[in-house]
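**Q** need coordinates for the following:
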Amino acid sequence: MHESDSTSGERMPQPRRLPRSTYRLQITPGFTLDDAASVVDHVSSLGADWLYLSPLLTAEDGSDHGYDVTDHTLVDPARGGADGLDRLVAAARSAGLGVLIDIVPNHVGVATPSANAWWWDVLKHGRGSRFAEAFDIDWDAADGRLVLPVLGSDDDEEFAAMSIDVEAEELVYYDHRFPLAPGSLEGRGGDGPVAGAAGIRAIHDGQHYRLVDWRRADAGLNYRRFFAVNTLAGIRVEVPWVFDESHREIGRWVRDGLADGLRVDHPDGLADPGRYLADLARLTGGAPVWIEKILEGDETMPPDWVTAGTTGYDALAEVDRLFVDPSGREALDGAVADIEPETEPVDWDDLIHGTKRAVADGILHSEVLRLARLLPDAAARGSDLDSRADAVGELLACFPVYRSYLPFGAERLEAARLEARRRRPEIAAAIDAVAAVLADPAHPAAVRFQQTSGMVMAKGVEDTAFYRFTRLTSLTEVGADPSEFSIDTATFHQRQASRQSGYPASLTTLSTHDTKRGEDVRARISVLSEWTDGWTQTLAALHERLPLGDAAFENLLWQAVVGAWPATRERLQAYAEKAARESGTSTTWTAPDAAFEARLRAAVDAVFDDDAVAAIVRRAVDATTAAGFANSLGAKLVQLTAPGVPDVYQGSELWELSLVDPDNRRPIDFGHRRDLLARLDDGWLPPVDESGAAKLLVASRALRLRRDHPGLFTRHLGLPAYGRAAPHVVAFDRGGAISVVTRLSLRLAADGGWQDTSIRLPDAELVDVLTAREWDGGEIAVADLLAHYPVALLAPRAVLAGEGRR
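**A** From the prediction side, this is the model:
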C-alpha cells in the first residue's frame, strides 16, 4: 500500500498491512457516509481495525442495499456522495482505521431505465448502441429485440394502458418509461397517429425492445440477470472497456487513499473470475481483495487467484456446528414425523436435486435454453431444443458445488455427469455429449454453464431447500451444508489449522446482511439439539393448537419464533410470509395461497394474543435462553480469535436476534452501545443476560487484543482438556492468546457440570482479559477458569503490561 493525497490536499496515511478485524456498516439513504463517520469513535473503541462498507456507487432511488448500481462514475449522492466519503475516510484515518469497500462487478440496476445511462442507450439504439456490448444479451433469440418482462399480461388491453410522451419521445406504461428509437415519431404529425392501443402497439413494435408479460421472464428472457431478478442486468466486465469504465471510480478510491481493500460481490457470475481478479489487482496496484465465494465441503479456490480469501461463510458453518450436539440428530430427524406420521423422510441430496431441477426448469429456464442454443450440432445429436435443455438442466441439478473454473474443478463436472446418468439413464447419451462440450474451457457454452450453475445452486438450495429442510434451522445458513449436523473439536482444530496455513487473511463472520438468521438466533436454535424431548413436545403442542397443514414449515416457523424472541408481531409476520413463499411448499410469491397464509398469520398472532400459545413459546424460550447465551459467547469468542480476519456485522456486538433481510438491516442504536462500552471500560463485569453486555465485553476485549497485540495470533494449536467433561471444552492457543470456550452447556449441566475437568496452560503468568483474573499457568480446573463466564480469553501478563497499540 502507499500514501496518497486526499482530495483536500492533506496527506492521508494508509495501513500498509492487512486488517486485523473489520466492522461492516450498511450505508443507505437513511444511514449515510456522514452517519458512518459519526460512529467511527465507537468502532475504534470497540477494537475493530477497519471499516467495511456496503456498496457506495449510485444505486436505484431508495435502494437500502446498494447492489443495484445505476451509475459507476459517482459515489451515490443519496448515501453522502464523494464529499461524504472523504469525510468518513478522514474520520477513519484519525482513528487509525482502514477502509474496505464492497463492489458489484456482475450486474447493474435497471428497474428505472432512465437512471442507467448504459441501459437507456441500449433500449434506444438496440444493437447499434455503444453499450450493447456491455450487457449479456442474446439478440438473436428475440429477433434482434430486448425482451422486457413488465406487462401485467400479453393481452392487447395492456396497450390501452400505455401512452406516448411526444415531447420526451418516451413510451409510458404506468410508472415505467422507455425511450423511443430515433425517428419513431417522424412523419406522424399530431397526436392522432399515436393515440389508442393500435397506434401505440405499432410504435412499440418498431422499438429495439419488446414489452411482455412479466411471467414470461422464466423462459423468454434474453439477457443475463443476477439470479432471477429481472431488474438486475448482468454486465460483461471481461470486455476491457467495460471493466475500465465500470471501475474507474473504484480505482480512484484506491489511488487517492480512500479505500485500502475491496470486497467483490458475486464473482461466480462472471465469465472469468480469475482474470477479473487479476485485472482488479492491476487497477489497484495489488490492494487486498476478498471475494463473496461460497465453498462447499472440502472445495478450495483456484490457487492462482489474486485474493486474500473469502468473506467468511465457510468459517460461519464451522463455528455453528461446534455448538450442535450430535446425539440430538435422530430425535430432530423424527420431530416432524412425530406430529404428521405420513411425512416422508427427507434425504438432503434428493431434496436439493429436486429444488435445483425445479429452478432450472422454472425461474432460470431462460438461461438453460440459452445454453441449449449454444450447443453445437455434434452435441445436439439431432435432438430438439427442449431435449438439449433437459440434459443441461440435469447437469445443473447434479452439479455438486456452485461452479467450476475450468480447467480447475473439471472433476466436479465429471461428478455431475455421472450423477446425471445415474438419475436419468434414458438420456445418458445426451448427457455425455453435452458434458463433453461443457468440459472445453474455451467453448461459449462451457463459459455460460459455469456462470449459470451458481445461480441454480443459490436459488435451489439457499432460497428454497433451506426453507424446506427444517430439522435444525441453525444449520441452513448461507455457505453451509445442512447434511453436516455437527463437528467435534478435533475436526474444528484441523479446519482452523488449514485456514491458518492456506488463507490466514480470509474473513470470518457469524452474521451478514445476507444471513438467514442472526448469529444469536442460530446459537439458541442449536440448543434444541440438546433439548430434543422438550422441542418435540413443544412442536406437538403448537401443532395441536395451530396446524398449518405443512408440518415441516411449522418446525421452521416455531424455531424462528423461539430463536428470535423477543420479537415484535410485525417482524415475525413479515418473516413468516417470506419464509413460506420461499419454501414454495404451501404458498408462493407468484401464486399465494390465501387460505394457508391466513392460517400462518393467525399462528403468529396467537403468540401475542393467545395465552396458552404464548405460554408454550415462553417455556421453550426459558428452557433454551441461558444455554443459547453460552453458545453465543462461545461462538463469538471462537470467531474473533480463530484464524482469519474476523468481521463484526453492524450492531452484532450485542445480541443479534435478526431474521432474514430486510429484518437484518434495521437501524442500529450506536448510542446505547457506546454507553454500555463505557461502563465496561469503567470496570463493570456484566451478568450474562438479555442486555447483551456480556457479549459486548467478549467482542471488545477480543478485538482489542487482536488489534493491539497481533503477535499473539500467529498460529493455531488445539489444546486438550482432561476429565469427564473434556468434550465440552474448546481451547486453542493462537501463539500466546488462548481461548477457552464451553460447548453443549445444557448437556454439561445435566451430566453434573465440570467436575474433575482440567486444562493445561503454558507455564507463564496469564491474565483473562475478560475478567482481569490472573493465572500462573500449568494445570487449571475448568470450573475455576470459567467460574464467571462460560468463556475465557487469556494473554501473557508480560505482553499486556506493555499495552502499546500496533
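**Q** what's the average pLDDT for stretch 222-238?
**A** For stretch 222-238, the mean pLDDT works out to 97.
**Q** what's the span of it, first residue to last?
**A** Start and end residues of stretch 222-238 are separated by 19 Å (C-alpha to C-alpha, to the nearest Å).
**Q** ok, stretch 261-273 next?
**A** End-to-end for stretch 261-273, by C-alpha to C-alpha: 17 Å.
**Q** now do that stretch: distance to the chain's middle.
**A** Mean-position distance between stretch 261-273 and its chain equals 14 Å (C-alpha atoms, centre = their mean, to the nearest Å).
**Q** and stretch 215-233, by the same measure?
**A** For stretch 215-233 - counting by C-alpha atoms, centre = their mean - the centre lies 21 Å from the chain centre.
**Q** what residues sit buried inside it?
**A** Within stretch 215-233, the residues that count as buried by 16 or more other C-beta atoms under 10 Å are 216-233. Placement of C-beta: from N, CA and C, glycine included.
**Q** then stretch 365-376?
**A** Under 16+ other C-beta under 10 Å, the buried positions of stretch 365-376 are 365-375.
**Q** now swap in stretch 285-295 and tell me
**A** 287-294.
**Q** so for it, mean pLDDT?
**A** 97.
**Q** likewise stretch 672-679?
**A** If you average the pLDDT values across stretch 672-679, you get 98.
**Q** next one: it to chain centre, how far?
**A** 29 Å.
**Q** pLDDT value on Gly777, please?
**A** For Gly777, the predicted pLDDT is 89.
**Q** next, count neighbours for it.
**A** Using other C-beta atoms under 10 Å, Gly777 has 15 other residues around it.
**Q** I'd say it and Leu785 touch.
**A** No. With contacts counted by C-beta atoms under 8 Å, Gly777 stays clear of Leu785, the gap being 11.5 Å.
**Q** list the buried residues of stretch 659-667.
**A** Within stretch 659-667, the residues scored as buried using 16+ other C-beta under 10 Å are 659-660, 663-665.
**Q** actually stretch 608-617, sorry about that
**A** For stretch 608-617, burial by neighbour count (16+ other C-beta under 10 Å) applies to 610, 613, 616-617.
**Q** okay, helices next: where are they in the stretch 551-700 of the chain?
**A** Remark: helices assigned in the stretch 551-700 of the chain by DSSP state H, counting those that start in this stretch are 551-564, 569-583, 594-609, 611-641, 670-681, 693-708.
**Q** so what does the second one touch, helix or strand wise?
**A** Secondary structure elements in contact with helix 569-583, counted by 3 or more C-beta pairs under 8 Å, 6 or more residues apart in numbering; DSSP states H and E, are helix 551-564, helix 594-609.
**Q** so what's the most centrally placed residue in the chain up against?
**A** Taking C-alpha atoms, centre = their mean, the centroid of the chain lies closest to Asp514, which sits 3.5 Å from it. Applying C-beta atoms under 8 Å, 6 or more residues apart in numbering, one finds that Asp514 lies in contact with 478, 661.
**Q** and if you look at Ala606?
**A** Counting by C-beta under 8 Å, 6+ apart, Ala606 touches 545-546, 613-614.
**Q** the same query, at a cut-off of 10 Å, please.
**A** 542, 545-546, 612-614, 616-617 (C-beta atoms under 10 Å, 6 or more residues apart in numbering).
**Q** now do Glu238
**A** Applying C-beta under 10 Å, 6+ apart, the residues contacting Glu238 are 136, 270-273, 275-276, 279, 447.
**Q** filter these down to the ones in helices?
**A** 273, 275-276, 279, 447 (DSSP state H).
**Q** got the contact list for the nearest residue to Pro686 once chain neighbours are set aside?
**A** Spatial nearest neighbour of Pro686, excluding adjacent residues (C-beta to C-beta, 6 or more residues apart in numbering): Ala693 at 3.6 Å. For Ala693, the contacting residues are 653-655, 673, 676-677, 679-680, 684-687, by C-beta under 10 Å, 6+ apart.
**Q** and whatever helix or strand Asp83 lives in, what does it pack onto?
**A** Using DSSP states H and E, the element containing Asp83 is helix 81-94. With contacts taken as 3 or more C-beta pairs under 10 Å, 6 or more residues apart in numbering; DSSP states H and E, helix 81-94 sits against strand 11-12, helix 33-38, helix 40-46, strand 50-53, strand 69-75, strand 98-103, helix 240-255.
**Q** what's the closest of the contacts of Ala606 to Ala594?
**A** For those, the closest approach to Ala594 (C-beta to C-beta) belongs to Leu546, at 17.4 Å.
**Q** what residues are up against that closest one?
**A** Counted by C-beta under 10 Å, 6+ apart, Leu546 has contacts 554, 557-558, 599-600, 602-607, 610, 613, 616.
**Q** which among the helices of the stretch 551-700 of the chain is found nearest to Arg403?
**A** helix 569-583 (22.3 Å).
**Q** quick one: the closest one to helix 594-609, angle?
**A** When axes from the mean of the first three to the mean of the last three C-alpha atoms, to 10 degrees is applied, the directions of helix 569-583 and helix 594-609 differ by 150 degrees.
**Q** how about helix 569-583: buried residues?
**A** 571-583.
**Q** for stretch 295-303, same thing?
**A** Of the residues in stretch 295-303, 296, 301 count as buried by neighbour count, 16+ other C-beta under 10 Å.
**Q** gap between that stretch and the chain center?
**A** 17 Å.
**Q** do stretch 505-522 as well
**A** 8 Å.
**Q** likewise stretch 103-111?
**A** With C-alpha atoms, centre = their mean as the basis, stretch 103-111 stands 16 Å off its chain's centre.
**Q** could you dump that stretch to PDB, C-alpha only?
**A** Taking C-alpha atoms only, stretch 103-111 is exported to PDB below (Å, rounded to 0.1, in the frame of the first residue of the first chain):
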ATOM      1  CA  ILE A 103     -18.100  -3.500  -5.100                       C
ATOM      2  CA  VAL A 104     -20.500  -5.100  -7.600                       C
ATOM      3  CA  PRO A 105     -19.000  -6.100 -10.900                       C
ATOM      4  CA  ASN A 106     -21.500  -8.700 -12.000                       C
ATOM      5  CA  HIS A 107     -24.700  -6.600 -12.600                       C
ATOM      6  CA  VAL A 108     -26.400  -3.200 -12.600                       C
ATOM      7  CA  GLY A 109     -29.800  -1.900 -11.700                       C
ATOM      8  CA  VAL A 110     -32.300  -1.400 -14.500                       C
ATOM      9  CA  ALA A 111     -35.600  -1.100 -12.600                       C
END
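**Q** what helix or strand is Ile487 located in?
**A** Under the criterion DSSP H and E, no helix or strand holds Ile487.
**Q** who touches it in this structure?
**A** 317-324, 326, 493-495.
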